[in-house]
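**Q** how would this look folded up:
(2 chains)
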Protein chains: 2
Amino acid sequence: MGSAPRPSEDALIARFFAPLAADGGLGLKDDAACLTPKPGHDLILTTDALVETVHFLPGDPAGSVGRKALGVNVSDLAAKGADPAGFLLSLALPSDWTEEWLAAFAAGLGEAARDFGCPLLGGDTVKAKGALTLSVTALGEVPKGHMVRRAGAKAGDVLCVTGTIGDAALGLDLRKEPDWARHLSPDGRAFLADRYLHPRPRHVLAKALRAHAHAAMDVSDGLAGDLAKMMRVSGVSAIVDLDKIPLSVPAKDAVKARPDLLDRIVTGGDDYEILCAVPEKAVDILRREADSCGVSLSAIGRVVPEHDSPVFRAGSRERRYDVGSFSHF
Amino acid sequence: MGSAPRPSEDALIARFFAPLAADGGLGLKDDAACLTPKPGHDLILTTDALVETVHFLPGDPAGSVGRKALGVNVSDLAAKGADPAGFLLSLALPSDWTEEWLAAFAAGLGEAARDFGCPLLGGDTVKAKGALTLSVTALGEVPKGHMVRRAGAKAGDVLCVTGTIGDAALGLDLRKEPDWARHLSPDGRAFLADRYLHPRPRHVLAKALRAHAHAAMDVSDGLAGDLAKMMRVSGVSAIVDLDKIPLSVPAKDAVKARPDLLDRIVTGGDDYEILCAVPEKAVDILRREADSCGVSLSAIGRVVPEHDSPVFRAGSRERRYDVGSFSHF
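**A** Numbering: from 1, shown residues only, chains lettered A, B, ... in the order given. Reported below is the predicted structural model:
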């Protein structure tokens, strides 16, 4: 863009974001959006911010950044058993933004909004002082009183996770061209890289989770740390079988080459899978319902009536990850 | 703080923000908040971002920044006739944050939340790359179908504004120690400075606005520009009497010393007053209801069936402000 004249905020909104707006967004021409809640439902609200270099990298495709910004929020809704209803976007653009970047960002965001059934309701666009920073607030709906809490895990529950764990962390590490990368096929490397760029929120599982799970959260800051949080707030602990943690084929290849990568898999962030505590009698039906939505579900351990941090077992060896979770400060 | 160890994100939330949380915020210990909407009501949603050096200045008191972040959003809700229901905060903190700053910020935010009846529901705290950046998403409620739109102004309506116009813009200008400042009393200068720092959202007027106004918006980017937006989207225009624009005593003193400041008053931002279009027969009752809430209401002009930009009249002179509104890009 160089020093070409910039469109006004209104022109920018009309061009890039109004096409993404739901009816309640009023064409993004009002001060606020209007949402008529479904009768008999609670609203579930979550907000997640993304900062360039912290949550995504400068070279990441703009469309991927747009998709991720919505995906990480829809992932939180899914874990609460909520069906997506819409989102608001707050975007702080650094002075060197280009129309090309913004068009690709909006396209990725719009595609994600359609895929997740979560339309744009409103937003704000401002000038950043520093890196590109964006924040999404997503709204979802659950039948009244049926939000799946983080604090509901009970001793005896089976711990399950969706999908596979650790791919995104390995995908991020791949960018540093580690020696283990050469043990992976090109497709395997591409798979892991994609898992970092494009979270797959498990919103299709929302209904099954609220029907069957005692507790759930999305795994975003590492399985070990997030599990520890869920257990702590539920007043219980957990025993996890390391061998049962579901790994993708490329992740298995990486661990075969470098066994210590298993720690990275268990503690690395950005999985955006769902961790849930499920009463034993409901595990099979939840797994079948997940299968029918195209989402795999794996039992990885059990909730126990302790207060220590969770134990990860492999054969006769045991370990705890006491600082397993990513902390931003 | 220097290089002292920083609290984790969880510790920071527990210490500074959990005390501000509503019941639906679940102590900020879950992935998401839960809000049970009032039956028969629509939800009104708005989000506004604030960036240090753009929307507030590095020396501004932290408590004022917290208050402003919520105030500018509640102002949008008020203009839509919505009663505040709660908010989410997304906070990107630069690496040099101090506990002192954050404690004062949270105190100002919490005080505002109580004053505006708008409790904290959830949020996200991340590391900024650059200036402190924060984004608030506020939720309000209106009886179903009663949101006051921006696009509803009709030819013949009386244009009204709450409070006084231009104080915040002059308050900001005062920081550059302009020559007109010496014509103001110390109290007058303090009043204007305070009006920039502390927006006064007119949420107490929400009910009266939805009962009586055809259209409303909050004046945040300058009266001239915001009026032009409302008229354009309503398919009408306006004639405003410059003499009827309500000015505070310090603003009058400033204009007396420097008559050209009137342009700054009409185009400057950060008023956070409400502009509304009201059918003539409802003006008196709206004014009485506003008075009874302690908010003054002034008729400043009239909606006319034209499509040009609004005309501002003073005696026989007329002018238009074609680029009256602050644009962020």
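
**Q** Closest approach to chain B from chain A, which residue is it?
**A** Of all residues in chain A, A:Gly130 sits closest to chain B, at 1.0 Å by Cβ to the nearest Cβ. The way it works is simple: take the backbone N, C-alpha and C, and place the C-beta from them, glycine included.

**Q** what number of residues lie near the nearest residue to that residue once chain neighbours are set aside?
**A** Of all residues not flanking A:Gly130 in the chain, B:Gly130 sits nearest, at 1.0 Å (Cβ to Cβ, 6 or more residues apart in numbering or on different chains). By other Cβ atoms under 10 Å in any protein chain shown, the residues close to B:Gly130 number 20.

**Q** Tell me if I'm right that B:Gly130 and A:Leu132 touch.
**A** No: assessed by Cβ atoms under 8 Å, B:Gly130 is found out of contact with A:Leu132, at 9.3 Å.

**Q** Please enumerate the shared neighbours of those two.
**A** Both B:Gly130 and A:Leu132 are contacted by A:Pro94, under the criterion Cβ atoms under 8 Å, 6 or more residues apart in numbering or on different chains.

**Q** Is there any residue in stretch A:312-322 that contacts chain B?
**A** No: with Cβ under 8 Å from any Cβ of the partner chain as the criterion, chain B is not reached by stretch A:312-322; the gap is at least 12.7 Å.

**Q** Quick check: end-to-end length of that stretch?
**A** Using Cα to Cα, to the nearest Å, one end of stretch A:312-322 lies 11 Å from the other.

**Q** Tell me the buried residues in that stretch?
**A** A:312, A:321 (16 or more other Cβ atoms under 10 Å in any protein chain shown).

**Q** Up against chain B, what does the stretch 51-200 of chain A have?
**A** Taking Cβ under 8 Å from any Cβ as the criterion, the stretch 51-200 of chain A approaches chain B at residues A:51-55, A:76-77, A:79-80, A:82, A:88-94, A:121-131, A:133, A:135, A:137, A:139-140, A:144, A:147, A:149-151.

**Q** Return the subset of those lying in strands.
**A** A:51, A:88-93, A:121-127, A:133, A:135, A:137, A:139-140 (DSSP state E).

**Q** Run through the helices of the stretch 201-329 of chain A in chain order.
**A** Using DSSP state H, counting those that start in this stretch, the helices of the stretch 201-329 of chain A run over A:206-212, A:223-234, A:249-257, A:261-267, A:283-292.

**Q** Out of these, flag the one nearest B:Gly117.
**A** Smallest distance to B:Gly117 across these (Cβ to Cβ): 28.6 Å, for helix A:223-234.

**Q** Figure out how far the closest one is from the centre of its chain.
**A** Centroid displacement of helix A:223-234 relative to its chain, using Cα atoms, centre = their mean, to the nearest Å, is 16 Å.

**Q** Are that helix and chain B in contact anywhere?
**A** Yes: Helix A:223-234 lies within reach of chain B by Cβ under 8 Å from any Cβ, at A:229, A:233.

**Q** In this structure A:Ala238 contacts A:Val311, no?
**A** Yes: judged on Cβ under 8 Å, A:Ala238 makes contact with A:Val311 at a distance of 7.3 Å.

**Q** which regions of chain A lie under the pLDDT threshold?
**A** Residue ranges of chain A with pLDDT under 70: A:1-7, A:27, A:323-329.

**Q** So for A:Ala238 and A:Val311, which sits in the more crowded spot?
**A** Ranked by neighbour count (other Cβ under 10 Å), A:Ala238 and A:Val311 place A:Ala238 first, with 26 against 17.

**Q** need the contact list for the nearest residue in space to that one that is not next to it in sequence.
**A** Counting by Cβ to Cβ, 6+ apart, A:Pro310 is the residue found nearest to A:Ala238 once chain neighbours are left out, at 4.0 Å. The neighbours of A:Pro310, taking Cβ under 8 Å, 6+ apart as the test, are A:224, A:227-228, A:231, A:237-240, A:301, A:320-321.

**Q** For A:Pro310, give me phi and psi.
**A** phi -60, psi 150 (degrees, to the nearest 10).

**Q** can you check A:Asp96 too?
**A** Taking degrees, to the nearest 10, you get phi -100, psi 20 for the backbone angles of A:Asp96.

**Q** Tell me the spacing between it and B:Leu170.
**A** 33 Å (Cβ to Cβ, to the nearest Å).

**Q** So for those two, which sits in the more crowded spot?
**A** Taking other Cβ under 10 Å, A:Asp96 and B:Leu170 do not tie; B:Leu170 has more neighbours (30 against 10).

**Q** Okay, domains of chain A per the record?
**A** Following automatic domain parsing, one finds the domains of chain A at A:9-143, A:158-319.

**Q** Residues in a beta bridge with A:Ala277, which ones?
**A** A:Leu159, A:Ala215 (DSSP bridges).

**Q** And for it, the neighbour number?
**A** Residues within reach of A:Ala277, counting by other Cβ under 10 Å, total 29.

**Q** list the contacts for it?
**A** A:152-154, A:157-160, A:213-216, A:230, A:234, A:303.

**Q** Would you point out the most distant pair within those?
**A** It's A:Cys160 and A:Ser234 that sit farthest apart of those, by Cβ to Cβ, at 15.0 Å.

**Q** doesn't A:Ser75 make contact with A:Ala206?
**A** No: under the criterion of Cβ under 8 Å, A:Ala206 is not in contact with A:Ser75, lying 10.9 Å apart.

**Q** Select only the buried ones of the residues of the stretch 51-200 of chain A next to chain B in PyMOL?
**A** Restricted to buried positions by 16+ other Cβ under 10 Å, the PyMOL selection for these reads:
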select buried, chain A and resi 51+52+54+55+76+77+79+80+82+88+89+90+91+92+93+121+122+123+124+125+126+127+128+129+130+131+133+135+137+139+140+147+149+150+151
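
**Q** For the residue nearest to A:Gly108 when sequence neighbours are not counted, give me its contacts.
**A** Closest residue to A:Gly108 apart from its sequence neighbours, by Cβ to Cβ, 6+ apart: A:Gly63 at 2.9 Å. The contact partners of A:Gly63, taken as Cβ under 8 Å, 6+ apart, are A:104-105, A:107-109, A:111.

**Q** next one: A:Leu93
**A** A:102, A:125-128, A:132, B:329.

**Q** Could I get those residues in CSV, plus columns for distance to B:Leu28?
**A** Putting those into CSV (distance: Cβ to Cβ, whole Å) gives the following:
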residue, distance to B:Leu28
A:Leu102, 33
A:Thr125, 27
A:Val126, 25
A:Lys127, 30
A:Ala128, 26
A:Leu132, 26
B:Phe329, 34
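
**Q** Backbone dihedrals for A:Asp115, both of them.
**A** Here A:Asp115 shows phi and psi, under degrees, to the nearest 10, equal to phi -60, psi -40.

**Q** Near it, how many residues? Count them for me, please.
**A** With other Cβ under 10 Å as criterion, A:Asp115 counts 15.

**Q** do A:Ser248 as well
**A** So A:Ser248, with other Cβ under 10 Å, has 19 neighbours.

**Q** Contact partners for it?
**A** Per Cβ under 8 Å, 6+ apart, neighbours of A:Ser248: A:164, A:167, A:191-192, A:195.

**Q** could you redo the last one with a cut-off of 10 Å?
**A** A:163-167, A:170, A:188, A:191-192, A:195, A:254, A:265 (Cβ atoms under 10 Å, 6 or more residues apart in numbering or on different chains).

**Q** A:Leu50 too?
**A** Taking Cβ under 10 Å, 6+ apart, one finds A:56, A:65, A:68-69, A:72-73, A:132-136, B:90, B:92, B:124, B:126 in contact with A:Leu50.
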